[in-house]
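Asker: Take this sequence and fold it.
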Amino acid sequence: MIAKLTGLVDTVNETTLILDVNGVGYLLSCGRQTLSNLPPKGGKTVLYVETLMKAEQLTLYGFGSNQEKGCFNTLMTVQGVGGRMALAVLSALTPDKLFQAISTQEPTLLTQADGVGPKLANRIVRELKDKAGGLLSSDNLVTSIEHTAHQTNAAHSSEAVSALLNLGYRRAEAIEAVAKAQMDAGEGATLNTIIPLALKKLAQGGVK
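Answerer: Alright, predicted model coming up:
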């Protein structure tokens, strides 16, 4: 199983790349964002690889980061989403934007991807609601959750996070618990509603 390839950029097309690894050309299917970040032809690059077999055909998918590769695999857990569709989503949305779409349950963001209509977009945000935290690295997760919580209710989120910190919880888990509690409680939720919900999520192990 190929997990990572280091080589020279050979030929770049709209959705594929030929990577020269010690004289062997690997054909990789890549999203637009991965392709746009490649060095010029002949430049050295590292790509993380996911190998899929379908109908006896082997396809290598290349990604600029392990985070993007993880998003690809998470997307494919959704019914009706295969490699090509998952790649289309990652061509339209960065992992941060994908996290935002799922954590705030905004399926319209996903319809920016080629071939993703409202029905599939709704299924993706619904089925991945509890997996949103796994879409980002720990540092980006904290940043994105802070941003989402700010958009939802900045004053309440700040006070709720402070309350959890005073109870001894780590900052990252406090922020995530509060963001999830706010999403469950909806707009206009009071501080007295958010804090108990956040504590419940922490107690149930719903925060990683």
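Asker: Enumerate every residue touching Cys108.
Answerer: Heads up, residue 108 is Thr, not Cys. By Cβ atoms under 8 Å, 6 or more residues apart in numbering, Thr108 lies in contact with Pro118, Ala121. Quick note: C-beta positions are derived from backbone N, CA and C, even for glycine.
Asker: mind running it again at 10 Å?
Answerer: Residues near Thr108 by Cβ atoms under 10 Å, 6 or more residues apart in numbering: Ala101, Pro118, Ala121, Asn122, Val125.
Asker: Helices - which of those land there?
Answerer: Among these, the members falling in helices are Ala101, Pro118, Ala121, Asn122, Val125 (criterion: DSSP state H).
Asker: What residues of stretch 183-200 count as buried?
Answerer: Taking 16 or more other Cβ atoms under 10 Å as the basis for neighbour counts, the residues of stretch 183-200 that come out buried are Met183, Ala185, Ala189, Thr193, Ile194, Ile195, Leu197, Ala198, Leu199.
Asker: out of those, who's nearest Gly25?
Answerer: Taking Cβ to Cβ as the measure, Gly25 lies nearest Met183 of these, at 45.9 Å.
Asker: all strands of this protein, in order?
Answerer: Under the criterion DSSP state E, the chain carries strands at the ranges 4-12, 16-21, 24-30, 44-54, 57-63.
Asker: Tell me the strands beside the first one, with direction?
Answerer: Going back to what we said before, that points to strand 4-12. Strands that pair with strand 4-12, judged by DSSP bridges, come out as strand 16-21 (antiparallel), strand 44-54 (antiparallel).
Asker: tell me the angle that strand makes with strand 57-63.
Answerer: With axes from the mean of the first three to the mean of the last three Cα atoms, to 10 degrees as the basis, strand 4-12 and strand 57-63 are set at 100 degrees to each other.
Asker: Please tell me how far strand 4-12 is from the chain's geometric centre.
Answerer: Distance of strand 4-12 from the chain centroid (Cα atoms, centre = their mean, to the nearest Å) equals 24 Å.
Asker: No further queries at this time; thank you.
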